[in-house]
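Asker: Generate a structure from the sequence data that follows.
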Amino acid sequence: MKKIFTLILFLFLLSNLYANMNRQTKKYIRNNYARFENHIYLIFF
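Answerer: Got it, this is the predicted structure:
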């Protein structure tokens with residue numbers, strides 16, 4: 001249950017951030033996506 005909620009929250013935040021970012025920042029996020037995702041999971045679990 002907690003995992004599902006976290007996934008929804010993560011996707012919601014990511015989509016909001018992604019909509020407001022310029023091309024350079026998008027490139028940075030794409031390159032560091034795995035690291036960022038691991039950081040999110042460490043916070044929640």
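Asker: gap between Leu13 and Thr6?
Answerer: From Leu13 across to Thr6, the span is 11 Å (Cβ to Cβ, to the nearest Å). For the C-beta atoms, the positions are set from N, CA and C on the backbone; glycine is no exception.
Asker: who has more neighbours, these two?
Answerer: Thr6 (15 against 11; other Cβ atoms under 10 Å).
Asker: For that one, report the pLDDT, please.
Answerer: Looking at Thr6, its pLDDT stands at 85.
Asker: Equivalent analysis for Ile29, please.
Answerer: Taking Ile29 on its own, its pLDDT is 69.
Asker: With Lys3 instead?
Answerer: 84.
Asker: Just the element for it, please.
Answerer: Using DSSP states H and E, Lys3 falls within helix 2-19.
Asker: Give the other helices and strands that that helix contacts.
Answerer: helix 23-31, helix 33-44 (3 or more Cβ pairs under 8 Å, 6 or more residues apart in numbering; DSSP states H and E).
Asker: Just the C-alpha atoms of it, please, in CSV.
Answerer: This file holds the C-alpha atoms of helix 2-19, laid out as CSV (Å, rounded to 0.1, in the frame of the first residue of the first chain):
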residue,chain,number,x,y,z
LYS,A,2,2.8,2.4,1.0
LYS,A,3,4.7,1.5,-2.1
ILE,A,4,1.7,2.3,-4.4
PHE,A,5,1.2,5.6,-2.7
THR,A,6,4.9,6.5,-3.0
LEU,A,7,4.9,5.6,-6.7
ILE,A,8,1.8,7.8,-7.4
LEU,A,9,3.3,10.7,-5.4
PHE,A,10,6.7,10.3,-7.2
LEU,A,11,5.1,10.3,-10.6
PHE,A,12,2.9,13.3,-9.8
LEU,A,13,5.9,15.3,-8.5
LEU,A,14,8.1,14.2,-11.5
SER,A,15,5.4,15.2,-14.0
ASN,A,16,4.9,18.6,-12.4
LEU,A,17,8.6,19.3,-12.3
TYR,A,18,9.1,18.0,-15.9
ALA,A,19,6.4,20.3,-17.2
